[in-house]
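A.B. asks: I would like the atomic coordinates for the input below:
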Amino acid sequence: MSTATVSSSPATLDSDAPLTNFTQCHSGILKRLNALDELPALLAPAARARQIAEQSLEFFREAIFEHHLEEERELFPAVIASAQPGEELERVKVMTKRLTQEHRMIEALWKSLESGLKRVAKGQSTDLDVSDVQRLVTEYTAHAGYEEAEFLPLSEKILSRNSNHMAALGLSLHMRHVKPVNAYI
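C.D. replies: Okay, here's the model as predicted:
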């Protein structure tokens with residue numbers, strides 16, 4: 001029995017000071033009520049944690065994995081095919097290799113977090129590695145920063161040399177997102 005639990009056993013009652021018994025009982029009750037008073041402040045962050053975990057699970061699979069796939073199947077090959085032979089082509093190959101390796105590393109890190117995030121989304125206890133969550137955010141931020149600062153400007157330069165190359169990439173990306181039409185004859 002915890003020390004804050006109200007006891008009704010005769011051994012704890014002080015028959016010489018019966019009012020002290022009520023005071024001690026009130027002290028235990030108030031201690032528990034003070035702890036209970038913390039609960040409302042904890043419910044909102046817990047609900048927010050569940051919401052973030054749930055939204056992240058949906059988003060990562062649907063958006064980030066798909067984004068990596070589009071880059072690797074559409075953007076990278078288009079830039080490689082349009083790059084000028086020699087130094088430019090070699091630079092693009094090195095960059096796309098780096099970005100692809102970063103995709104795999106980020107995806108592997110995500111997969112290691114996924115089961116813990118599922119438990120958080122359900123409001124269950126978890127051994128989620130918060131340092132890996134922070135690492136995922138840091139790694140992806142650096143990845144996106146490199147891509148935005150280095151690769152995409154170079155891609156723009158390369159693909160803009162021939163408007164057909166940019167148009168072909170745009171059409172290819174568009175077609176990936178168009179739902180097939182079921183035609184009946």
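A.B. asks: Tell me who's in contact with residue 60.
C.D. replies: By CB atoms under 8 Å, 6 or more residues apart in numbering, the contact list for residue 60 reads residue 110. The C-beta positions use only the backbone N, C-alpha and C, and glycine is treated the same way.
A.B. asks: same question for stretch 136-148, mean pLDDT?
C.D. replies: Averaged across stretch 136-148, pLDDT comes to 96.
A.B. asks: Check which residues of the longest helix seen in the chain are buried.
C.D. replies: In the chain, taking DSSP state H as the definition, the longest helix is helix 87-121. Neighbour-count burial for helix 87-121 flags 89, 92, 95-96, 99, 102-103, 106, 109-110, 113, 116-117, 120-121 (criterion: 16 or more other CB atoms under 10 Å).
A.B. asks: Equivalent analysis for stretch 119-136, please.
C.D. replies: Neighbour counts over stretch 119-136 (16+ other CB under 10 Å) mark 120, 121, 126, 128, 133, 135, 136 as buried.
A.B. asks: Report the distance from the longest helix of the chain to the chain centre.
C.D. replies: Mean-position distance between helix 87-121 and its chain equals 13 Å (CA atoms, centre = their mean, to the nearest Å).
A.B. asks: Which residue is the nearest non-sequential neighbour of the residue most central in space within the chain?
C.D. replies: Centroid-nearest residue in the chain, with CA atoms, centre = their mean: residue 56, separated by 4.6 Å. Closest residue in space to residue 56, ignoring its immediate chain neighbours: residue 117 at 6.1 Å, by CB to CB, 6 or more residues apart in numbering.
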